[in-house]
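Enquirer: How does the following fold in three dimensions:
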Amino acid sequence: MLDHPVIVVVNAPKEHQRVIGKLMTALGQLFYNEQAIPFEPFSETMIDEGKTSPIPDILLFDNHTGSNKVIIEVATNTGARRDFDKLIELIREYRIPEGFVYNYHDKSWRKYTLSNGEVTTNPSFCDAIGYDMNLFLR
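Expert: Coordinates of the predicted model:
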């Protein structure tokens, strides 16, 4: 038993959590209520539950095949580049078809796909679900 408190430090500003909340609300509505998308949204969930693994801000999961389809990171101006580099590594390592980084400071999206690399045309459009995710952030 510990005789002193354990302090856990998390960098999760309200605006960061607000963006995650809006995306999760919209994606959850589409999956749970409307059955309009085939993949279940999860926030802060391990990519590989069989071992210690990275935890993206949002993960879209295919329950039928047991595979990760999309990962989304929410970032600031200072973290967006680093998060995009991390996203590319995760997509390649875990063979995830599609990933996004949303920078809430400048309201910009970056998209990377396993098959095509960085996508610069309409980077907020998610091919896996057929929706422009920028619409969920209004």
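Enquirer: Can you list the strands that the lengthiest strand in the chain pairs with?
Expert: In terms of residue count, the longest strand belonging to the chain (DSSP state E) is strand 67-75. Strand 67-75 sits in its sheet next to strand 58-62 (antiparallel), strand 98-103 (parallel), going by DSSP bridges.
Enquirer: Average pLDDT for the last one, rounded please.
Expert: What that stands for is strand 98-103. For strand 98-103, the mean pLDDT works out to 98.
Enquirer: who's in contact with it?
Expert: Strand 98-103 has contacts (CB atoms under 8 Å, 6 or more residues apart in numbering) with 19, 23, 56, 69-77, 80, 83-84, 87-88, 90-91, 108-114, 123-124, 126-128, 133, 137. To be clear about C-beta, it is placed using only N, CA and C from the backbone, and glycine gets the same treatment.
Enquirer: So which bits of stretch 69-76 are buried?
Expert: By 16 or more other CB atoms under 10 Å, the buried positions in stretch 69-76 come out as 69-75.
Enquirer: which intervals of this protein have sub-threshold pLDDT?
Expert: 1-11 (pLDDT under 70).
Enquirer: Tell me how far the residue nearest the centre of it lies from Q17.
Expert: By CA atoms, centre = their mean, the chain has its centre lying nearest to I72, at 1.7 Å. When distance is defined by CB to CB, to the nearest Å, I72 is 14 Å away from Q17.
Enquirer: Do a quick rundown of the strands in the protein.
Expert: Assigned by DSSP E, the strands in the chain fall at 40-43, 58-62, 67-75, 98-103, 108-113, 117-119, 125-126, 131-132.
Enquirer: So which residues make contact with the longest one?
Expert: Pointing back at strand 67-75 there. Contacts for strand 67-75 (CB under 8 Å, 6+ apart): 16, 19-20, 23, 39, 47, 56-62, 82-84, 86-87, 90-91, 94, 96-104, 126, 128-129, 133.
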